[in-house]
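1. Provided below for reference: sequence and predicted model.
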Amino acid sequence: MQFDMSIGNLINTVMIAIGIGVCGLSLVQVGKAPIEKQSRKYLMVFLWMILGYITLHLVRELLNGIEGNAILISMRVDTFFEFLLSALMALMLSQMILFAANPKGIKWFLIGFLTLLAAHTALLIASQFNGMMYYFDDANVYHRGSLYLLSNLAPVAMMLVDMYLLIRYRRNFGKNVLIAFWIYLISPLVAVGIQAAYSEVQFVILGTVGSSAYMFGVISRDLTKKYEEQQVAAGRLDAELSMATRIQADMLPSIFPAFPNRTEFDVYASMTPAKEVGGDFYDFFFIDDDLLGLVIADVSGKGVPAALFMMAAKILVQNYAMMYRNPKAALEAANNQICQSNREDMFVTVWLGILDLKTGVLTASNAGHEYPVVKKPDGEFEFYQDKHGLVIGGMEGVRYKQYEIKLDRGAMLFLFTDGVAEATNANKELFGPDRLLTALNSVKDGSPKDVLKGVEQAVSAFVEDAPQFDDLTMLCLKYNGKE
């Protein structure tokens, strides 16, 4: 086995070796760049294609002229995949431009490119038998065939389409990225023209490697800049959401015992949002020395919009409750006020009660909310099926019904939002009202805090690792009466 290299082969070998090194450095650069995983994966695949293309070319240069059937088979396989990769690289670039530009009718572009790729592959297979594009003589020396230019037909056609796409969608790219694309497209075409005049030196390799290294460097820097800007924006958003979470938490009573000097009752409440901020809210407040207002509500939607709507609804319900001292009138006034300026068509379910601490009479009204759960002093928790009205914000002029519940000493009231009963496990099963009653009655002799903790534990054990889809909000009150 003897190597017989011409000056042209030697120049090609050196250029290809340099190209492999440049591709290796580009792979390291892209691999370490702080960019999105999807973008990095795409660029790495493209780079590995280029590296494979020039490596196959290097193998052909080294094996060129070495006799032997095994060498001939290796040369044929090597050359076939080298020419196939040239088209795949052009197709890969096309995909990069198409997806970055995001034009309409992208499917037809893909069909056209895949048709060109299929024709290119068919020509390569045919050339294995008739040598029309390339062939090997008896000494296993590589030669170009009479129709060698067909080997560049599909890649060049794809690149011409890429040029059209870059011109048409030039405003979709940054200036530096657009220039890098143009350099990558023009360099191999210029190299093909030069190589047609001086065929011994593979100028295409030089053009491909140099332009690709520049292009990937520009793209990785551009993606890094965008990624860093996104991280800064995400950090700013996280800070704003954290602040919104604190503001929302401050809107809800969170210090317990809430009224340590009042022995007529004991109250405890909690709200666990599904996102950073939630749409549920609870409230309890004194209307006068003997009247205690109790509210629990659930805003449609999640996140910041629901949180903003929740704050407005909470203020309105509390203000009207203190103004009218009547749940029915308070809900009707709050509903009319919200309906007058509700362009987003949001709504909120509300249960509002006013407890007379002297008599234990609870006057309440329900605007589309969950049933309250009541426990008599020596009994168990049971749903109190009150009459629902329409949600707040649904329609102006709605009239709500009002009812009374007599709480004896030791009676308890439990209020919740649908996030409790509709908590879902990995099997898509709902926690449901029956499990809720079971959880409540397992801690029926405890304090309001014990009741809420018991329900939280039951929900957590049921849901396990399944994601939380809705806010979990609960309020429990125990009526002790006047001493």
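-> Okay, I see it. Numbering: from 1, shown residues only.
2. longest helix of the chain?
-> If you go by DSSP state H, the chain has its longest helix at helix 203-251.
3. What is the helix or strand following that helix packed up against?
-> Next along the chain after helix 203-251, taking DSSP states H and E as the criterion, comes strand 265-272. Applying 3 or more CB pairs under 8 Å, 6 or more residues apart in numbering; DSSP states H and E, one finds that strand 265-272 contacts strand 280-286, helix 448-463, strand 472-479. Yep, even glycine has a C-beta here, placed from its N, CA and C like the rest.
4. okay, the angle between strand 265-272 and strand 280-286?
-> Strand 265-272 runs at 160 degrees relative to strand 280-286, counting by axes from the mean of the first three to the mean of the last three CA atoms, to 10 degrees.
5. Residues touching strand 265-272, excluding its own?
-> Strand 265-272 is contacted from outside by 252-253, 256-259, 278, 280-282, 284, 292, 294, 355, 357, 447-449, 451-452, 456, 468, 471-480, using CB atoms under 8 Å, 6 or more residues apart in numbering.
6. of those residues, buried ones?
-> 252-253, 259, 278, 280-282, 284, 292, 294, 355, 357, 448-449, 451-452, 456, 468, 471-480 (16 or more other CB atoms under 10 Å).
7. What residue spans form the domains of the chain?
-> With domains defined by automatic domain parsing, the chain comprises 7-232, 253-479.
8. So for residue 243, which of these sits nearest?
-> Closest to residue 243 of the domains of the chain is domain 253-479 (CB to CB; 9.9 Å).
9. The closest one: how far from the chain's middle?
-> Here the centre of domain 253-479 is set off from its chain's centre by 32 Å, with CA atoms, centre = their mean, to the nearest Å.
10. Give me the average confidence score over it.
-> Taken as a whole, domain 253-479 carries a mean pLDDT of 92.
11. next one: stretch 20-35
-> 76.
12. Give me the residues contacting that stretch.
-> 40, 43-44, 47-48, 50-51, 54-55, 58, 209-210, 212-213, 216-217, 220-221, 223-224, 226-228.
13. try it again with 7 Å
-> 40, 43-44, 47, 50-51, 54-55, 58, 209, 213, 216-217, 220, 223-224, 227-228 (CB atoms under 7 Å, 6 or more residues apart in numbering).
14. Next, the buried residues of that stretch.
-> 20, 22-23, 26-27, 29-30, 33, 35.
15. Could you single out the nearest of the residues you listed to residue 234?
-> residue 35 (14.5 Å).
16. I'd assumed the closest one was in a strand, is it?
-> No: with DSSP: H, G, I helix; E, B strand; the rest coil as the criterion, residue 35 is located in coil rather than a strand.
17. quick one: secondary structure of the residue located most distally from the centre of the chain?
-> Most distant residue from the mean C-alpha position of the chain: residue 138, 59.5 Å away (CA atoms, centre = their mean). Here residue 138 is recorded as coil under three-state DSSP.
18. contacting residues for residue 75?
-> 60, 63, 136, 140, 142.
19. Among those, which one lies nearest to residue 89?
-> After measuring these against residue 89 - CB to CB - the closest member comes out as residue 60, at 16.7 Å.
20. element containing the residue nearest to the closest one when sequence neighbours are not counted, please.
-> Nearest residue to residue 60 in three dimensions, chain neighbours excluded: residue 78, at 5.3 Å (CB to CB, 6 or more residues apart in numbering). According to DSSP H and E, residue 78 maps onto helix 69-101.
21. Stretch 256-266 spans what distance, first to last residue?
-> In stretch 256-266, first residue to last residue: 9 Å (CA to CA, to the nearest Å).
22. Quickly compare the domains of the chain and say which is most buried.
-> When you average the neighbours per residue for each of the domains of the chain (mean count of other CB atoms under 10 Å), domain 253-479 leads with a mean of 18.
23. measure it end to end?
-> End to end - CA to CA - domain 253-479 spans 19 Å.
24. And for stretch 414-428?
-> Stretch 414-428 end-to-end distance (CA to CA) = 26 Å.
25. who's in contact with it?
-> With CB under 7 Å, 6+ apart, stretch 414-428 has contacts from 280, 296, 298, 351, 370, 372-373, 381, 430-433, 436, 440, 451, 455, 459, 462-466, 469-476.
26. quick revisit: pipe the domains of the chain into JSON lines and attach distance to residue 240 per row.
-> Converted to JSON lines, those look like this (distance: least, CB to CB, whole Å):
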{"stretch": "domain 7-232", "distance to residue 240": "13"}
{"stretch": "domain 253-479", "distance to residue 240": "9"}
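27. Out of those, which is closest to residue 247?
-> domain 253-479 (8.2 Å).
28. if we can go back for a sec, now the helix holding residue 78 against helix 203-251, angle please.
-> Using the same axes, to 10 degrees: helix 69-101 against helix 203-251 is 40 degrees.
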